[in-house]
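**Q** Sequence first, predicted model second:
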Amino acid sequence: MKKEHVFLIFILFFTFLVFYLFYRILSPFLEPIFWAIIISIVCYPFFQKLQRIMKQRRSLSAMTMTLLVVFILLLPLTLLIVNLANEVVKGYYWVEEMTKEGRLQAYLEQIRGIPILDRAFEKLGQYIDLSQIDPQHLLLKNIQKVSTFFFNQSSIILKGLSGFVIGFLFALLSLYYLFKDGHHLFETLKEILPIRPKERDLLFHRLQEMIIATIYGGVLIAVIQGLLGGVSFWILRIPSPVLWGTAMALLSFIPFGGTALIWGPTAIFLFIQGTFIKGIILLAIGVFIISMVDNVLRPFFVGARTKIHPLLLLFAVLGGIQVFGMIGLVAGPLIAVLCITLIEIYIQGVK
């Protein structure tokens, strides 16, 4: 083997080893760094305006913007988690009390008595032995699992909470320096990519558009729908408005059904109870306000930004969450857009 070949193999091996060790060093902090990058990209237009107001004082602007992110994100999130935990525990005791008094069984029998549902159960009974399914026991079992988690896994919760706090602090530190020095890092990254400037700009433009579309077109709409749903439940005095509002926010990512999977059955339950006015009001709010938010705001925020088929986007979000956790909410669509853009660049190069 020639000396030049040995040297090349050594250089490649040494380069791989250095990058692998560098990855291992940063791996504990990749999640907070990733979220800091996402937040900085979304908030960067506001940071530029703030910088102009503060007469180009980049360090002071970066510190101010980071503190604004803390107050806008951390305080509402903390209140949400505390209220959500309280409502889950209260919800378990409420269901347990209804079971002891026999009201839960009566409600379930009333639901089975609805003609449409009764026919549906008959059809389903042809394929599944419904007599072996006890909905009351199933409901209590699942609620009990949630309450047991909060009662008996306190050490895990505290450990997770401490890990979240530490990760959040690292994310804030990263966010500050991304605001302060991110433009230099961005320009350096663009320079080292081994592709032509036109293709490089297309790649970064697509990724930036996808991040903005995912945050504003997905997360923000989910928050708005969950907030509207929770407030509606609170006004109508339906138990656990924070819990159901959070559930609606999470289900809003599902294109078929979405938030209707919560307010629909709740409206039916109100009709069964005999509270027809509440049921009609909730049904009207769900159809004409909560559901319309997605139809009105999503085209405004997303528009033609993504250039990705809705079905592929759905798979990218769900698959990303399964592989990466909550990071996958953004990482999944980003990887999908990156693959599609690289294919487009290749096709243009072949032509």
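**A** Now that the structure is in, tell me what you want to look at. Residues are numbered from 1 along each chain as shown.
**Q** Got phi/psi on residue 258?
**A** Phi and psi for residue 258, reported as degrees, to the nearest 10, are phi 60, psi -130.
**Q** what sits against it?
**A** By CB atoms under 8 Å, 6 or more residues apart in numbering, the contact set of residue 258 is 225, 248, 251, 252, 291, 294. Where C-beta positions appear, they are placed from N, C-alpha and C, glycine not excepted.
**Q** immediately after the host helix or strand of residue 190, which helix or strand?
**A** Residue 190 belongs to helix 154-192 when assigned by DSSP states H and E. Where DSSP H and E defines the elements, the next helix or strand beyond helix 154-192 is helix 197-214.
**Q** Moving C-terminal from that following helix, which element do we reach first?
**A** Following helix 197-214 in sequence, per DSSP H and E, is helix 221-235.
**Q** Just the mean pLDDT for whichever helix or strand comes after that next one, thanks.
**A** Following helix 221-235 in sequence order, the next helix or strand is helix 241-251 (DSSP H and E). Mean pLDDT, computed over helix 241-251, is 84.
**Q** next one: stretch 205-215
**A** 74.
**Q** Next up, the contacts around the nearest residue to residue 29 once chain neighbours are set aside.
**A** Spatial nearest neighbour of residue 29, excluding adjacent residues (CB to CB, 6 or more residues apart in numbering): residue 170 at 5.5 Å. Going by CB under 8 Å, 6+ apart, residue 170 touches 29, 32, 33.
**Q** Show the buried residues in those residues.
**A** 29, 32, 33 (16 or more other CB atoms under 10 Å).
**Q** between those, which is nearest residue 260?
**A** Closest approach to residue 260 among these (CB to CB): residue 32, at 35.0 Å.
**Q** show me what contacts that closest one?
**A** Applying CB under 8 Å, 6+ apart, the residues near residue 32 are 167, 168, 170, 171, 174.
**Q** pLDDT for the residues you listed - can I get that in CSV?
**A** Output for the contacts of residue 32, formatted as CSV (pLDDT from 0 to 100):
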residue, pLDDT
167, 78
168, 78
170, 86
171, 85
174, 89
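**Q** So which of those wins on neighbours?
**A** residue 171 (24 neighbours; other CB atoms under 10 Å).
**Q** I figured it hits residue 38, correct?
**A** No. Counting by CB atoms under 8 Å, residue 171 does not reach residue 38; the two are 9.8 Å apart.
**Q** Any buried residues in stretch 336-344, and which?
**A** Buried, per 16+ other CB under 10 Å, within stretch 336-344: 336, 337, 340, 341.
**Q** And the average pLDDT for it is what?
**A** Mean predicted lDDT for stretch 336-344 stands at 79.
**Q** Could you point out the helix or strand that follows the helix or strand that contains residue 14?
**A** Following DSSP H and E, one finds residue 14 within helix 3-26. Once the chain leaves helix 3-26, the next helix or strand it forms, by DSSP H and E, is helix 30-53.
**Q** related to what we said a few turns ago, export the buried residues of stretch 336-344 to a markdown table and tack on distance to residue 199 and secondary structure?
**A** As requested, the buried residues of stretch 336-344 are exported to a markdown table (distance: CB to CB, whole Å; DSSP: H, G, I helix; E, B strand; the rest coil):
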| residue | distance to residue 199 | secondary structure |
| --- | --- | --- |
| 336 | 18 | helix |
| 337 | 14 | helix |
| 340 | 13 | helix |
| 341 | 9 | helix |
